[in-house]
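> Predicted coordinates and the sequence they were generated for:
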Amino acid sequence: MSKKVKIAIAGLGNCASSMIQGLEYYKSADDDAFVPGLMHVRFGDYHISDVEVVAAFEVNKLKIGKDVADAIWEHPNVARKFADVSKTGVEVLPGPIEDGVAPHMRESFHVYDPKEISTVNVADALKEAGADVLINFTPVGSENASRAYAQACLDSGVSFANGIPAFIVSDPTWAKKFLDAGIPVAGDDIKSQLGATILHRVLMKLALDRGIRVKETFQLNVGGNTDFENMKYENRLHTKRISKTEAVTSVLPYDVPTRIGPSDYVPFLGDEKVCYITMEGYNFGDNPVHVQLKLSVQDSPNSAGVMIDVVRALKIARDRGLAGPIYTISAYSFKHPPVQIPDFLARDLIERFLQGESDIELAKPYLSQFPIKEVA
């Protein structure tokens with residue numbers, strides 16, 4: 001059993017930058033310290049300092065060939081700097097382009113020319129690096145690229161943490177592939193520490209618990225990083241809308257008219273994300289209730305700590321010989337998991353998982369949502 005959690009990253013953008021900075025920033029934190037964004041400094045057997053980057057894949061020629069510690073500052077990354085990152089000795093490799101780059105993003109992403117730079121075999125690179133987990137941080141809309149990375153994980157025996165809304169871990173066909181291969185996975189579409197989705201879910205749950213009938217609700221998000229630039233066109237964010245919408249509406253036992261998802265790219269906002277949530281409903285006597293909320297947050301650090309917990313949970317699952325979707329960490333940490341579990345309950349279930357209880361048994365009341373439940 002390795003004492004390290006060796007991670008590879010596909011897509012060394014703003015989310016990766018914030019996560020890598022966090023590994024440096026908190027590497028000496030005491031086990032019992034409170035670190036915002038982490039469930040625990042020591043998650044099971046693994047301290048935050050045990051997470052080690054061993055490989056990285058990119059399509060940006062400004063990042064390829066550079067040490068990971070240098071590549072995270074290259075254009076177009078705009079994540080706020082909060083730590084000086086030491087050299088890792090890990091060189092960024094040219095990953096598959098596939099559909100990871102929309103036509104309108106080729107200039108922004110400085111895409112390499114495959115005639116000049118040869119794409120690596122990802123599965124071979126993962127094996128050579130000895131990776132435990134591959135994190136998918138490719139751009140939203142990277143359906144084929146995400147599946148290429150997922151297949152590389154199947155071919156190399158590496159766990160897959162799917163941070164974007166390409167439905168893989170929540171797709172029964174792909175979930176079964178990882179189950180049959182004996183590889184634990186988690187996903188899909190990372191949930192922020194305090195982001196638009198979790199705030200909206202809490203509001204819907206509060207309305208339900210307090211007897212408010214929700215008539216309609218919407219959520220609009222604007223930002224200035226490449227995630228929002230990439231999603232300027234609706235064909236890049238179809239699954240993103242599904243993921244965010246289902247994460248919110250799954251809280252309610254009835255259908256509600258909604259419009260949820262990214263709405264505009266505002267370059268001068270940089271990595272700041274601004275979210276507007278509106279809920280219309282009615283209470284006793286059919287009297288109206290109107291709620292409007294605004295959330296402003298640095299986008300990329302908001303999910304960085306969550307992903308650090310995810311990779312440590314997957315390493316624990318590997319240590320225990322588990323395979324297929326890890327339901328508890330997926331429900332707590334992702335918008336479109338295989339099974340939806342209420343957020344605060346999911347956190348309690350993860351604590352029990354860390355104490356040694358079975359992930360399948362903990363998730364059993366919810367497995368009717370997922371077609372591969374028979375594995376339980």
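Cool, got the structure.

> where's the longest helix along the chain relative to the chain centroid, distance-wise?
Secondary structure of the chain per DSSP state H: the longest helix is helix 301-319. The gap between the average C-alpha position of helix 301-319 and the chain average comes to 10 Å, counting by C-alpha atoms, centre = their mean, to the nearest Å.

> Let's test this: mean pLDDT of that helix, rounded?
The pLDDT scores in helix 301-319 average 97.

> Check stretch 46-64 too.
98.

> Helices of this protein, residue ranges please.
14-25, 68-71, 122-129, 143-156, 172-181, 196-209, 226-230, 238-249, 301-319, 327-333, 343-354, 359-363.

> can you list these in CSV and add distance to K115 and mean neighbour count?
Where you see a C-beta, it was placed from the backbone N, CA and C, and this is true even at glycine. Formatted as CSV, the helices of the chain follow (distance: least, C-beta to C-beta, whole Å; neighbours: other C-beta atoms under 10 Å):
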stretch, distance to K115, mean neighbour count
helix 14-25, 27, 24
helix 68-71, 22, 20
helix 122-129, 20, 19
helix 143-156, 19, 22
helix 172-181, 32, 17
helix 196-209, 41, 19
helix 226-230, 24, 22
helix 238-249, 31, 21
helix 301-319, 34, 24
helix 327-333, 39, 28
helix 343-354, 47, 18
helix 359-363, 46, 20
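
> mind checking which of these is nearest E107?
Among the helices of the chain, the nearest to E107 by C-beta to C-beta is helix 226-230 (10.5 Å).

> Off-centre distance for that closest one?
The answer for helix 226-230 is 16 Å, by C-alpha atoms, centre = their mean.

> want to throw the helices of the chain into TSV with distance to P267?
Formatted as TSV, the helices of the chain follow (distance: least, C-beta to C-beta, whole Å):
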stretch	distance to P267
helix 14-25	14
helix 68-71	22
helix 122-129	32
helix 143-156	25
helix 172-181	35
helix 196-209	20
helix 226-230	8
helix 238-249	20
helix 301-319	19
helix 327-333	29
helix 343-354	33
helix 359-363	42
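
> out of those helices, nearest to L93?
helix 122-129 (5.9 Å).

> re the thing from before, between the longest helix of the chain and helix 196-209, how big is the angle?
Orientation of helix 301-319 against helix 196-209 (axes from the mean of the first three to the mean of the last three C-alpha atoms, to 10 degrees) gives an angle of 90 degrees.

> Do I have it right that A71 meets G11?
No. A71 is beyond contact range of G11, at 11.3 Å (criterion: C-beta atoms under 8 Å).

> residues shared between the contacts of these two?
Common neighbours of A71 and G11, using C-beta atoms under 8 Å, 6 or more residues apart in numbering, are E58.

> Give me the neighbour count for S108.
Neighbours of S108 under the rule other C-beta atoms under 10 Å: 15.

> List the contacts of the closest residue to it other than its chain neighbours.
Distances taken as C-beta to C-beta, 6 or more residues apart in numbering put P76 closest to S108, at 5.2 Å, once the chain neighbours are dropped. By C-beta under 8 Å, 6+ apart, the residues touching P76 are S108, F109, H110, N225, T226.

> where does the last one land on pLDDT?
Which is T226. On pLDDT, T226 comes in at 95.

> burial count for S300?
Other residues close to S300 by other C-beta under 10 Å number 26.

> ok, it to G37 distance?
Separation of S300 from G37 (C-beta to C-beta, to the nearest Å): 12 Å.

> same check, this time on G224
Look at G224 and G37: by C-beta to C-beta, they are 22 Å apart.

> before we move on, back to that, among the helices of the chain, where is the model least confident on average?
Taking the mean pLDDT of the helices of the chain, helix 238-249 comes last: a mean of 91.

> Alpha carbons of that helix, in CSV - could you do that?
The C-alpha trace of helix 238-249 is given here as CSV (Å, rounded to 0.1, in the frame of the first residue of the first chain):
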residue,chain,number,x,y,z
HIS,A,238,-25.7,20.8,-23.1
THR,A,239,-24.6,18.3,-20.5
LYS,A,240,-23.6,21.2,-18.2
ARG,A,241,-27.2,22.4,-18.1
ILE,A,242,-28.4,18.9,-17.5
SER,A,243,-25.9,18.3,-14.7
LYS,A,244,-26.7,21.6,-12.9
THR,A,245,-30.4,21.4,-13.4
GLU,A,246,-30.8,17.8,-12.2
ALA,A,247,-28.6,18.5,-9.2
VAL,A,248,-31.1,21.2,-8.1
THR,A,249,-34.4,19.7,-9.2
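
> packing partners for that helix?
With contacts defined as 3 or more C-beta pairs under 8 Å, 6 or more residues apart in numbering; DSSP states H and E, the packing partners of helix 238-249 are helix 196-209, strand 213-223, strand 258-265.

> Of all these, which one comes closest to V291?
Using C-beta to C-beta, the nearest of these to V291 is helix 196-209, at 6.7 Å.
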